[in-house]
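**Student:** Predicted model and sequence follow; I will ask about them next.
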Amino acid sequence: MEKKTTIGIAHSDADLGKPAECSREQLDLVKGMIREIADQTMGGMTHIVKPGDKVLIKINTVIPIAANAGFTTDPRMLEALIELVKEQNPSRVQIGERCAMGADTRHAMEACGIAEVAARTGVELYPFDNAPFDMYKIDRPISFNEFPVPRAVREADVYIGLPKMKVHLHTTFTGAMKLQFGNLPDYDWMVRCHRDDIYQKIVNLTRAANPKWFIMDSLYACQGNGPFSAVRDDLIKDFNTICGGPDPVAVDTICEALMDWESPGTNVPSTVLGAAEGLGTNRMEEIELTGVPLARVKRRFRRQNNVLQGQFPNVNITMGNTCEAGCRAILRIQLDQLQADGTLEKLKRPLHVFTGLQFHEIKKVEGDVIVVGDCAKGMLERFPNAQYWGSCEKYANCTPIWANLPDQGIAAYVRSLARIQESTEIE
């Protein structure tokens, strides 16, 4: 079968340091890996960036956290990429991003080590928080068919994606296509269609960005319940393998192959949909692989686990019809944290959770009650004192991503319950 695109794979058995701690020699090794992939997939950086081009590099900060935590853009990858781009004499290089959860992106860039890289390399930090946006419209009946896109994204001569490779509770996987989530201006736009229609949103955002090339940030990678797994060994610090190419669908397909998932290209709904809508190919036989042999470097990554019921001590979950990419993922993220830090074991009373559309009468329970998501909001009539996460004046959309916020989310509330119960018992 005719090959439609080329994806390159590079690997190093050397010590490459840590994201925020590497020598010049280690950085040069990373730079060489990226150069190899550019040579293999595009005939070199000269065919990606021309003299005078305006270049935007899209990164992934997500939340303010130290770079060595391994869940955000690796400064080694970013600095090496910027050096390769600047060798082509572009007129401008911007680092673009909008971090998650309504946080301040410039602060996140500083916390994640991105600002230091920008200062060393002399490029522009470009947080999308207050940047000008233009509306992009897809004129057919699909979800999320009109949305804002940063003007800098559309005006760039070259858009390069630097996605972080992570298994993801909300979307199965986050890579080349999911990266474009950070091209939205604010929390409200990020939360719209954050349900089981999220995959159409991912495809539409990728179409609007019109990317030229992707290089996968996967020296460190994440398996299991990412994007910020509470399980320590879900962070893989020695993968030291990267891939890249011009086709975002094919890049994500090869990531599935690198994670040793069966039938690569079929496991992630956004990858399948992206191929169906013409953004690239998810068929292994249509992808030419160059560089390090796949069989040499692939490693079995654990998939995400969104199972809720029967998983957590002292927690009773009553589930109705619940979006896997919405409330189910939110609950799993929060309960994973509470289990990892021992909070659930400390509860003196059972915690009852209602999520999804409820179809039956429940008149009384013993313990504390929380209600998650608009579909379960009717349970507040039966439990008026329950703690509720759903749409409200501040957060208008039905999927309560704000339940993940560290200061006002589910985990913070349950920890406060545990402290109150402990102090009451002592008294």
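**Tutor:** Thanks, I have it.

**Student:** show me what contacts the nearest residue to residue 280 once chain neighbours are set aside?
**Tutor:** Once flanking residues are discounted, residue 280 sits nearest to residue 249: 3.0 Å by C-beta to C-beta, 6 or more residues apart in numbering. (Glycine included, C-beta is placed from N, CA and C.) Listed by C-beta atoms under 8 Å, 6 or more residues apart in numbering, the contact set of residue 249 reads 176, 177, 265, 271, 274, 275, 279, 280, 281, 282.

**Student:** ok, and the most crowded of those residues?
**Tutor:** residue 176 (34 neighbours; other C-beta atoms under 10 Å).

**Student:** what pLDDT does it get?
**Tutor:** pLDDT recorded at residue 176 is 98.

**Student:** Please work out how many residues are found near the nearest residue to it once chain neighbours are set aside.
**Tutor:** Leaving aside its sequence neighbours, residue 176 sits nearest to residue 248 (C-beta to C-beta, 6+ apart; 3.8 Å). Residue 248: 29 surrounding residues under other C-beta under 10 Å.

**Student:** Please apply the same query to residue 50.
**Tutor:** By other C-beta under 10 Å, 14 other residues sit near residue 50.

**Student:** for the nearest residue in space to it that is not next to it in sequence, what are its contacts?
**Tutor:** Using C-beta to C-beta, 6+ apart and skipping the chain neighbours, the partner closest in space to residue 50 is residue 88 (6.7 Å). Residue 88 is in contact with 45, 46, 48, 49, 50, 51, 53, counting by C-beta under 8 Å, 6+ apart.

**Student:** one more time with 7 Å, if that's ok
**Tutor:** Contact analysis of residue 88 by C-beta atoms under 7 Å, 6 or more residues apart in numbering lists 45, 46, 49, 50, 51.

**Student:** Ok, residue 6 next?
**Tutor:** Residue 6 neighbours (C-beta under 7 Å, 6+ apart): 40, 41, 245, 288, 290.

**Student:** How about residue 242?
**Tutor:** So residue 242 contacts 10, 33, 37, 215, 216, 218, 219 (C-beta under 7 Å, 6+ apart).

**Student:** Spit out the contact partners of the residue nearest to residue 176.
**Tutor:** 176, 177, 206, 211, 214, 274, 279, 280.

**Student:** Relative to residue 77, how far out is the first one?
**Tutor:** It stands for residue 176. Using C-beta to C-beta, to the nearest Å, residue 176 is found at 14 Å from residue 77.

**Student:** any idea which residue sits dead centre in the protein?
**Tutor:** residue 174 (4.8 Å; C-alpha atoms, centre = their mean).

**Student:** Name whatever forms a beta bridge with that one.
**Tutor:** Residue 174 has these beta-bridge partners by DSSP bridges: residue 166.

**Student:** that older thread, among the contacts of residue 242, which ones are in strands?
**Tutor:** 10, 215, 218, 219 (DSSP state E).

**Student:** top of the residues you listed by neighbour count?
**Tutor:** Neighbour counts for those peak at residue 215, which has 29 neighbours (criterion: other C-beta under 10 Å).

**Student:** neighbours of the closest residue to residue 303 other than its chain neighbours, just the number please.
**Tutor:** Distances taken as C-beta to C-beta, 6+ apart place residue 167 nearest to residue 303, at 6.3 Å, with adjacent residues excluded. Using other C-beta under 10 Å, residue 167 has 27 neighbouring residues.

**Student:** Hmm, residue 226 and residue 167 touching each other?
**Tutor:** Yes - the pair residue 167 and residue 226 qualifies as a contact (C-beta atoms under 7 Å) at a distance of 4.9 Å.

**Student:** hey, what's in contact with both of the two?
**Tutor:** In contact with both residue 167 and residue 226: no residue, using C-beta under 7 Å, 6+ apart.

**Student:** Buried ones among the contacts of residue 88?
**Tutor:** Buried subset of these (neighbour count, 16 or more other C-beta atoms under 10 Å): 45, 49.

**Student:** In a markdown table: the contacts of residue 88, plus secondary structure, distance to residue 2 and pLDDT.
**Tutor:** Converted to a markdown table, these look like this (DSSP: H, G, I helix; E, B strand; the rest coil; distance: C-beta to C-beta, whole Å; pLDDT from 0 to 100):
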| residue | secondary structure | distance to residue 2 | pLDDT |
| --- | --- | --- | --- |
| 45 | helix | 27 | 98 |
| 46 | helix | 26 | 98 |
| 49 | coil | 28 | 98 |
| 50 | coil | 28 | 98 |
| 51 | coil | 33 | 98 |
